[in-house]
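In: Sequence plus predicted model, see below.
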Amino acid sequence: MPKLKRSESDERATDFVESLDRGLRLLQCFGATPGPMTLSDLARAAELPRATTRRILFTLARSGFVASDGKLFSLTPHVLTLAASYLRSNQLVAVLQPVLDRVATAAQEISSLAVLDGDDVVFIARGGPARVFSSGLEIGYRLPAFCTSVGRAMLGQLGDAELAERLKTMKREALTPQTVTDPKVLLARIAADRAQGYSLVDREAEPHFRSISVPVRRYDDVIVAAINMGAHVDRVPARELVDRFLPLLGEGAESVRSQLL
């Protein structure tokens, strides 16, 4: 009798390592509350049995990723090796870091690089002039995509029908009194941003902050990231973002298109 050929979904199912998935899920639960967490807190957050959680924590401790005093558990700096591996191996960071530094020096403001991760944006690189105090959007910082200029610049790669569906299904909670949450209004704004080639968001993600972003396209015109600059509303008017920051961002994004594969 001939063997039945396994489907791709069957192969994926057998290749799935549940214990690894649980360990990664547990790592992500740290930070749900400030400071160290108890075994019970972690088990509840990861939705895992206490016995399973204890075995995973013991393994993570043996590997140097978790520390414990016997009652409380916390991550160690060794966890940062995972983030460092991502940053070192990411072509976007390698190619765009000099651009961020150049743009930031020219404008004397902080510039950032972000990518989409589900319905969020994650900031993965930044550049800043020496005179600017380093604060704000740190590496790894996450924000909802729908209310940020970098997020809207990247969501613009979707067609209107796909974008409308995406906006309807994503979580849209107001972060400030100015945050737009209506999916129809968001669709119109992102479509307008797509047409003009940039996105400007004023106090929607943070109460006193406005920013401007442009999409970063690779060689085949696919949007793979976005770069932005922003400032406190009392210091830089919206018009200045367009007049002074936008040309720098646009030139920077265009200068690397042929290098991104």
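Out: Received the coordinates, thanks.

In: Can you tell me which residue sits nearest the middle of the protein?
Out: The residue lying closest to the centre of the chain (CA atoms, centre = their mean) is residue 122, at 1.1 Å.

In: immediately after the helix or strand encompassing that residue, which helix or strand?
Out: Using DSSP states H and E, residue 122 sits in strand 120-127. Downstream of strand 120-127, the first helix or strand assigned by DSSP H and E is strand 142-144.

In: which ones are touching the residue nearest to the centre of the chain?
Out: 114, 115, 116, 140, 141, 142 (CB atoms under 8 Å, 6 or more residues apart in numbering). For the C-beta atoms, the positions are set from N, CA and C on the backbone; glycine is no exception.

In: so what does the longest helix along the chain touch, helix or strand wise?
Out: Secondary structure of the chain per DSSP state H: the longest helix is helix 91-107. Other helices and strands packing on helix 91-107, by 3 or more CB pairs under 8 Å, 6 or more residues apart in numbering; DSSP states H and E, are strand 111-117, strand 120-127, strand 223-232, helix 246-255.

In: hmm, try it at 10 Å
Out: helix 80-89, strand 111-117, strand 120-127, strand 209-217, strand 223-232, helix 246-255 (3 or more CB pairs under 10 Å, 6 or more residues apart in numbering; DSSP states H and E).

In: quick one: residue 188 from residue 213, how far?
Out: 18 Å (CB to CB, to the nearest Å).

In: what about these two, which has more around it?
Out: Set side by side, residue 188 and residue 213 show more neighbours around residue 213, with 32 against 13, by other CB atoms under 10 Å.

In: That one contacts residue 150, doesn't it?
Out: Yes: using CB atoms under 10 Å, residue 213 is in contact with residue 150, at 4.5 Å.

In: okay, and the common contacts of these two?
Out: Applying CB atoms under 10 Å, 6 or more residues apart in numbering, one finds that residue 213 and residue 150 are jointly contacted by 112, 114, 121, 199, 201, 225, 226, 227, 228, 230.
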